[in-house]
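> I'd like to go over a predicted model; first the sequence, then the structure.
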Amino acid sequence: MENVFAEERPAISAVVTDAVLKPKRSAFIFITAESEASRLALDDLRKIDEVQEVYLALGAYDLVAKVSCDSLDHIRESVLKRIRNLSSIKSTLTLTVI
């Protein structure tokens, strides 16, 4: 059987910059939603750029979200100004990943 891809060479590219890449900081946000508003909160959280993942949960919390930002200050700002201000959110508990 003939290898029809033998003549093709993979495209290799690289970008070299002087910038130092800083690792992102992450946190898990445990969220209690207003009664019957978990689905609305889920949809609202998915619209926030810093929210990487969000899940409905059963138990003490209604949702769990993973937030990633450039700094701990940015995480704090995102949680306080963007997540906690959603009308469907009752309370949050933030666990920062170290």
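Ah, there it is.
> so what's the backbone phi/psi at the residue nearest to the spatial centre of the chain?
Centroid-nearest residue in the chain, with Cα atoms, centre = their mean: Q52, separated by 1.8 Å. Backbone torsions of Q52, given as degrees, to the nearest 10, read phi -90, psi -40.
> What separation do you get for it and L95?
Look at Q52 and L95: by Cβ to Cβ, to the nearest Å, they are 15 Å apart. Backbone N, C-alpha and C define where each C-beta goes, glycine included.
> repeat for E36
For E36, the distance to L95 - Cβ to Cβ - is 26 Å.
> out of those two, which sits in the more crowded spot?
A direct count of neighbours by other Cβ atoms under 10 Å for E36 and L95 places L95 higher, at 11 against 8.
> By mean pLDDT, flag the weakest helix or strand of the chain.
helix 72-77 (a mean of 91; mean pLDDT, DSSP states H and E).
> Run through the neighbouring helices and strands of that helix.
strand 25-33, strand 89-96 (3 or more Cβ pairs under 8 Å, 6 or more residues apart in numbering; DSSP states H and E).
> Can you redo those as TSV, where the extra columns are mean pLDDT and distance to L40?
Output for the helices and strands packed on helix 72-77, formatted as TSV (pLDDT from 0 to 100; distance: least, Cβ to Cβ, whole Å):
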stretch	mean pLDDT	distance to L40
strand 25-33	95	8
strand 89-96	95	10
